[in-house]
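Peer 1: when you get a sec, could you give me coordinates for this:
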Amino acid sequence: MQPPDAGELRKLAEELISQQTTMTISTAHENAPWAAPVYYANRKSRFYFFSDPSSRHIREALESGRAAAAIFHQASTWKEIRGIQMSGSISHVLPGLNAIRATRAYLRKFPFTRDFFEPSLQIDLEAFINKFHVRLYVFLPTLLYYQDNRIRFSFREKITLE
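Peer 2: The predicted model follows:
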């Protein structure tokens, strides 16, 4: 089977990203690796998530300036394994238009989040911060790979997202 071209690979990757809900963030400190799953919403090749500022993955990512992340489709056989592998950085998202758009994208992807708030409350970044004692962060990938065993065993190709 002929591997898909760059445009087809990007489309496969974007579909997978939009269908999945959990991204695993990996960090390391003094040669001790750590991984943490987070719910994410993506916008323009960026992955937004809420986390406790004191959590290990946030502290290590901000201290080192580096992180890795993976998003994978649930597979029951090796032939179904497919996912995104990324390296990049994590930064705090400051209040403003970008934070508003990211929070809205998060609420669209995870509508059940509204159940944690009073129905009449306007849910925004400040509401998340106050309710859960979290901050909004963004994973900014600098290197992305799409892996798909449906194409062939251990198929992996560098990609760019739009």
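Peer 1: what strands flank the longest strand seen in the chain, and is each parallel or antiparallel?
Peer 2: The single longest strand within the chain, with elements called by DSSP state E, is strand 135-148. The strands beside strand 135-148 in its sheet (DSSP bridges) come out as strand 46-51 (antiparallel), strand 82-92 (antiparallel), strand 156-159 (antiparallel).
Peer 1: which of the ones you listed sits closest to residue 62?
Peer 2: Residue 62 lies closest, by Cβ to Cβ, to one member of the strands paired with strand 135-148: strand 82-92, at 6.6 Å. For glycine as for every other residue, the C-beta is placed from the backbone atoms N, C-alpha and C.
Peer 1: following element in sequence after that closest one, please.
Peer 2: Beyond strand 82-92 on the C-terminal side, the first helix or strand identified by DSSP states H and E is helix 97-109.
Peer 1: next one: whichever helix or strand comes after that following helix to chain centre, how far?
Peer 2: Sequence order places helix 125-132 as the next helix or strand after helix 97-109, per DSSP H and E. Per Cα atoms, centre = their mean, to the nearest Å, the displacement of helix 125-132 from the mean C-alpha position of its chain is 20 Å.
Peer 1: not counting its own residues, what contacts the lowest-mean-pLDDT helix or strand in the chain?
Peer 2: The element with the least model confidence among the helices and strands of the chain, by mean pLDDT, DSSP states H and E, is helix 125-132, at a mean of 90. For helix 125-132, the surrounding residues in contact (Cβ atoms under 8 Å, 6 or more residues apart in numbering) are 50, 95, 99-100, 103, 116-117, 121, 134-136.
Peer 1: now that helix: buried residues?
Peer 2: Under the neighbour-count criterion of 16 or more other Cβ atoms under 10 Å, helix 125-132 has 125, 128 buried.
Peer 1: one more: stretch 28-37?
Peer 2: For stretch 28-37, burial by neighbour count (16+ other Cβ under 10 Å) applies to residue 36.
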